[in-house]
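*Asks:* for reference, the sequence and a predicted model appear below.
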Amino acid sequence: MLMGEKTIIVNGKKYKTTEKYLLQALEKLGFDIPHLCSHPDLEPIATCRLCVVEVNGRIRTSCNTIVEEKMNVITDSEELIEMRRHNLELILSNHPLDCDYCYRNMHCELQRLAEKITNKTRYSGKQRKREKDESSIAILKDFDKCILCGRCIQICEKQTVNVFDYVNRGFETIVGTAFDLPLSQTPCVSCGQCVLHCPTAALIEKDETQPVLKAINNPDKFVIAQIAPAVRVTIGEELGLKPGVILTKKLVSALKRLGFDRVFDTSLGADLTIMEEAAELVSRLEQSKSLPMFTSCCPAWVSFVEEFYPEFIQNLSTTKSPHEILGAIIKTYYAEKNNIDPKNIVVVSIMPCTAKKEEARRTELKVNNLEVVDHVITTRELGKLLREFGVEIEKLEDSDFDDLMSASSAGQIFGTTGGVMEAALRTANYFITGKNDYEKIDYKEVRGLKG
Ligand code: SF4
Ligand code: SF4
Ligand code: SF4
Ligand code: FES
């Protein structure tokens, strides 16, 4: 018997489980129980009431019910099915249901459930109506599409930023900010975690695909894409392909098909960031100044330090992040070498993270008074573009990146958690010892989520 293993009876049959919560146990055992507010990263708060089951003769929400020995569970009675349908219809009755034009169309948990359980509602009445909050550079909040599940509240709390909470009461309840401030005036660091966890289109990344297409269609503009290492893996999943497949070369072909003039690898920018960060680390070590040094590659992390721990700003590396470095090279060295007016170059960074959108607008990162990255689109926005233009990535031929300079393996470990500091340490080790012994030294302490 496994540690913590319990026997439960589901629809008359005995099963064993080690899960803490009933919903997770049922899912692992192959029972498909509808749910909207629960999420594996979060503690259950049971707001949607869709996951109801019968436990020992009483109706309970399975997401927050702790598994007990010999629990008798029914998942599929007529009463339960009607109850779930009723609860979903109540949610839908206060929802715009303009799925056909919605940013999340086909990628929405509420829409998926509605298709499964019921796509109409018996209830009608007043609907919550509120202006969208478009104030943030990175994130758009559409209150009308919010189902009050509370996931964003909890995930932002985990980030220790605490931007959202329930405000007002009864029908007037919304998930809002303190003093009803627009997102841009809150301490939000644009990390995008709330967007990732939102089950509907109530929180989405600010869509920059239209200005990108406009630039591509403008014959006077020379449009360059640069791709972050992580995107070449995650784009497959976004497009419904098998997770983990690396699509680097097909992605280059796909971007060329969309009309980009050049496609560069952000790994080159990563190489330069590493060299610069390593040199900075060596210099700080020599002077025993502003140590420990923190990497500055993640703009959400930089904003977090600025907002909550300003006393550590001096510990942040002053080096630009890889896509900003590459953008600067493109608008200076590359523009000059190819005789292109940098004002006519449009650099589009394809990044895994919404915070890069805000970083690109930072005035202190301008070079010769020009923003070096004009637009940042996320993996999800790229997926939307590829779908819109009917580009079937898996059917495309392989293409190589356009050549600016070649990138090292140190640059390519940027995509892993802790990868930036590990790459900088490898390089600093080379600067200090003169030895390229990175195969012998494994910098595990800075890698992964516990580093
Ligand atoms: S959020 Fe989902 S359910 Fe709502 S309109 Fe958009 S796709 Fe449809
Ligand atoms: S982007 Fe991050 S910091 Fe901003 S509200 Fe969402 S979770 Fe909180
Ligand atoms: S904004 Fe999204 S995650 Fe937050 S409560 Fe509304 S639906 Fe849930
Ligand atoms: S998933 Fe259980 S109440 Fe929402």
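*Replies:* The structure has been received and is ready for your questions. Ligands and ions are numbered 1, 2, ... in the order given.

*Asks:* would you mind listing what in the stretch 151-300 of the chain touches ligand 2?
*Replies:* Residues of the stretch 151-300 of the chain lying close to ligand 2 by CB under 6 Å from any ligand atom are Ile155, Cys156, Gln159, Val161, Val163, Cys188, Val189, Ser190, Cys191, Gly192, Gln193, Cys194. Placement of C-beta: from N, CA and C, glycine included.

*Asks:* not counting its neighbours along the chain, what's nearest Ser93?
*Replies:* The shortest distance from Ser93 to any non-neighbouring residue, by CB to CB, 6 or more residues apart in numbering, is to Tyr123 (3.9 Å).

*Asks:* what's around the one you found, how many residues?
*Replies:* By the measure other CB atoms under 10 Å, the count of residues near Tyr123 is 11.

*Asks:* for the chain, which helix is longest?
*Replies:* Scanning the chain for the helix with the most residues, using DSSP state H, yields helix 266-287.

*Asks:* what is that one packed up against?
*Replies:* Contacts defined by 3 or more CB pairs under 8 Å, 6 or more residues apart in numbering; DSSP states H and E place helix 266-287 against strand 222-227, helix 322-329, helix 409-412, helix 419-433.

*Asks:* what is the helix or strand following that helix packed up against?
*Replies:* Using DSSP states H and E, the helix or strand that directly follows helix 266-287 along the chain is helix 299-308. For helix 299-308, the packing partners by 3+ CB pairs under 8 Å, 6+ apart come out as helix 355-360.

*Asks:* any idea how far Pro44 lies from Thr65?
*Replies:* Noted for Pro44: a distance of 9 Å to Thr65, by CB to CB, to the nearest Å.

*Asks:* can you tell me the SS state at Val73?
*Replies:* Here Val73 is strand, with the state taken from DSSP: H, G, I helix; E, B strand; the rest coil.

*Asks:* list the contacts of it.
*Replies:* Taking CB atoms under 8 Å, 6 or more residues apart in numbering, we find Val73 in contact with Ile8, Ile9, Val10, Asn11, Leu22, Leu26, Val53, Glu54, Val55, Ser62.

*Asks:* make a ChimeraX selection of the buried ones in these.
*Replies:* Written as a ChimeraX command, the selection of buried residues from the contacts of Val73, which uses 16 or more other CB atoms under 10 Å, is:
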select :8,10,22,26,53,54,55,62
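
*Asks:* re the thing from before, wait, the residue nearest to Ser93 sits on His95?
*Replies:* No. Between Tyr123 and His95 there is no contact under CB atoms under 8 Å: 11.1 Å.

*Asks:* that older thread, just the ones in strands from the contacts of Val73, please.
*Replies:* Ile8, Ile9, Val10, Val53, Glu54, Val55 (DSSP state E).

*Asks:* how far out from the middle of the chain is stretch 240-259?
*Replies:* Mean-position distance between stretch 240-259 and its chain equals 19 Å (CA atoms, centre = their mean, to the nearest Å).

*Asks:* report the closest residue of the stretch 351-451 of the chain relative to ligand 4.
*Replies:* Arg380 (23.6 Å; CB to the nearest ligand atom).

*Asks:* number of nearby residues for that residue?
*Replies:* Residues near Arg380, counting by other CB under 10 Å, number 22.

*Asks:* many thanks, I have nothing further to ask.
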